[in-house]
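>>> next one to model:
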Amino acid sequence: MEKALTNLGEVFYSPQDIYTKMRAGDFEMADFEVNGKTYKNSFVTYENFYQNHEDAEVREKSFRSFSEGLRKHQNTAAAAYLAQVKSEKLLADMKGYESVFDYLLAEQEVDRAMFDRQIDLIMKDFAPVAQRYLKHVAKVNGLEKMTFSDWKLDLDSALNPEVSIDDAYDLVMKSVEPLGQEYCQEVARYQEERWVDFAANSGKDSGGYAADPYRVHPYVLMSWTGRLSDVYTLIHEIGHSGQFIFSDNHQSYFNAHMSTYYVEAPSTFNELLLSDYLEHQSDDPRQKRFALAHRLTDTYFHNFITHLLEAAFQRKVYTLIEEGETFGASKLNSIMKEVLTDFWGDAIEIDDDAALTWMRQAHYYMGLYSYTYSAGLVISTAGYLHLKHSETGAEDWLNLLKSGGSKTPLESAMIIGADISTDKPLRDTIQFLSDTVDQIIAYSAQLGE
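Predicted structure coming up:
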């Protein structure tokens with residue numbers, strides 16, 4: 001059977017291939033006009049620039065243009081996704097797993113309870129924290145209501161500077177200094193040896209990616225637009241590929257890659273270092289609020305909300321398949337709208353365009369990968385707090401990176417003192433975020449906002 005499945009590998013990969021080609025080559029967003037100026041729109045420009053633009057009309061019109069571009073392909077995207085989940089269900093049955101969930105979680109070396117706990121606790125306990133922050137953003141920016149086109153709005157748009165690639169590398173180097181010379185000398189090579197492709201070319205996939213040829217050197221792919229969010233993407237991908245370097249150098253080929261359960265820990269840990277560096281560059285409450293707000297929006301909102309809501313959406317989709325049902329675009333839109341409404345409550349107005357969010361990510365073609373962003377961020381938050389409060393924090397974190405796939409996620413997390421068999425690290429992370437929102441609101445009060 002395994003030989004037959006191997007020979008069918010290209011067939012099983014087809015749904016992802018269809019989606020990737022459709023996203024890179026077929027999704028076209030119409031130009032839009034604001035105050036007599038015409039703006040071009042695309043995946044890259046919308047996600048990297050327009051969605052947090054300071055002008056509400058630019059945010060709104062770019063979102064409508066973006067959503068219409070998605071809607072034209074929703075039936076094709078739904079068909080590709082249906083083929084994906086049906087093939088995964090087929091493989092789960094053929095290999096004797098009780099469910100498709102058990103099959104997809106097996107390679108992560110975690111059980112269903114950990115998957116469900118991650119989704120349920122964040123949906124229940126973190127949602128009020130996120131809602132409180134967005135209501136504060138709306139208040140500071142004078143918005144009577146917040147729509148889905150507004151939710152990525154910066155708290156203080158005037159402090160969102162343009163950043164050159166050279167300045168970004170400088171920020172990265174200063175941010176990772178707490179990890180010591182061994183880590184810093186590897187990070188310096190990214191700029192010196194030109195390991196990053198920054199060009200925002202037409203047809204290039206949006207987002208950031210890192211590749212790891214074993215014991216060669218990593219490659220990073222991203223599209224540079226000069227925003228601070230790009231610096232977060234850069235340090236995020238360096239976190240991924242930096243882990244590749246350390247695990248490759250200390251593990252065999254077969255143990256070099258860590259479990260996907262916490263593969264996002266090294267990347268998000270680096271983001272926390274960047275926010276920490278930015279926070280401590282000034283005693284000005286406005287600058288400190290700026291840094292803390294970006295900790296929330298660039299790290300936690302993306303990884304702890306966007307991808308977690310994808311996971312909540314996936315859980316409902318796979319449950320449909322487990323129960324022998326099927327779906328099309330309208331059903332997927334309905335599920336996504338329900339998930340978004342459950343999480344955001346009255347903090348954001350969720351409409352039919354927001355429901356198309358499920359079309360924006362390739363993660364659905366990678367099994368139960370979306371929830372691992374938040375799982376990894378729980379471990380990276382524990383590592384960051386360990387670094388701040390322990391003399392061995394940096395050494396312990398590097399030892400976690402070096403362990404690669406030689407340990408289970410539970411064993412690796414224990415290197416930094418985090419017992420993820422319990423809900424304590426997740427609850428500690430939610431409390432850390434609640435405290436961050438409290439700090440932001442306190443700084444706003446100092447500023448009279």
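>>> every contact and neighbour count from this point should use C-alpha atoms.
OK.
>>> okay, now the unreliable bits of the stretch 151-300 of the chain?
Residue ranges of the stretch 151-300 of the chain with pLDDT under 70: 202-206.
>>> helices of that one, start to end?
Shown for the stretch 151-300 of the chain, the helices assigned by DSSP state H, counting those that start in this stretch span residues 165-175, 181-192, 228-250, 265-279, 285-294.
>>> and of these, who's closest to Y133?
Ranking the helices of the stretch 151-300 of the chain by their distance to Y133 (criterion: C-alpha to C-alpha) puts helix 285-294 first, at 9.2 Å.
>>> coming back round to it: now the helices of the stretch 151-300 of the chain as a markdown table including mean neighbour count?
Conversion of these to a markdown table gives the following (neighbours: other C-alpha atoms under 10 Å):
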| stretch | mean neighbour count |
| --- | --- |
| helix 165-175 | 17 |
| helix 181-192 | 14 |
| helix 228-250 | 24 |
| helix 265-279 | 25 |
| helix 285-294 | 21 |
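>>> give me the number of residues near I415?
I415 has 18 neighbouring residues, counting by other C-alpha atoms under 10 Å.
>>> now the end-to-end length of stretch 86-100.
Separation of the first and last residues of stretch 86-100 by C-alpha to C-alpha, to the nearest Å is 10 Å.
>>> brain fart, stretch 156-173
With C-alpha to C-alpha applied, stretch 156-173 spans 25 Å between its terminal residues.
>>> circling back: tabulate the helices of the stretch 151-300 of the chain (TSV), appending distance to H363.
Converted to TSV, the helices of the stretch 151-300 of the chain look like this (distance: least, C-alpha to C-alpha, whole Å):
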stretch	distance to H363
helix 165-175	27
helix 181-192	26
helix 228-250	16
helix 265-279	16
helix 285-294	24
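>>> indicate which one of the ones you listed is closest to N399.
Each of the helices of the stretch 151-300 of the chain has some distance to N399 by C-alpha to C-alpha; the shortest is helix 228-250, at 8.9 Å.
>>> now do that closest one against helix 265-279, angle only.
In this structure, helix 228-250 runs at an angle of 130 degrees to helix 265-279, with axes from the mean of the first three to the mean of the last three C-alpha atoms, to 10 degrees as the basis.
>>> what sits against the most centrally placed residue in the chain?
When the chain is reduced to its mean C-alpha position, the nearest residue by C-alpha atoms, centre = their mean turns out to be N303, at 3.5 Å. Contact partners of N303, counting by C-alpha atoms under 8 Å, 6 or more residues apart in numbering, are Y373, S374, L377.
>>> which ones among those residues map onto helices?
Among those, DSSP state H puts Y373, S374, L377 in helices.
>>> which stretches in the chain count as strands?
With DSSP state E, the ranges of strands along the chain come out as 29-34, 37-41, 196-197, 209-211, 219-221.
>>> most tightly surrounded among those?
Comparing the strands of the chain by mean neighbour count (mean count of other C-alpha atoms under 10 Å), strand 219-221 comes out on top with a mean of 20.
>>> gap between that one and the chain center?
Remark: strand 219-221 is offset 17 Å from the chain centroid, using C-alpha atoms, centre = their mean, to the nearest Å.
>>> could you say what helices and strands it packs with?
Applying 3 or more C-alpha pairs under 8 Å, 6 or more residues apart in numbering; DSSP states H and E, one finds that strand 219-221 contacts strand 196-197, strand 209-211, helix 228-250.
>>> so which elements touch the last one?
The reference is to helix 228-250. Helix 228-250 sits against helix 165-175, helix 181-192, strand 209-211, strand 219-221, helix 265-279, helix 393-403, with contacts defined as 3+ C-alpha pairs under 8 Å, 6+ apart.
>>> and the angle for that helix with helix 165-175?
An angle of 60 degrees separates the directions of helix 228-250 and helix 165-175 when computed by the same axes, to 10 degrees.
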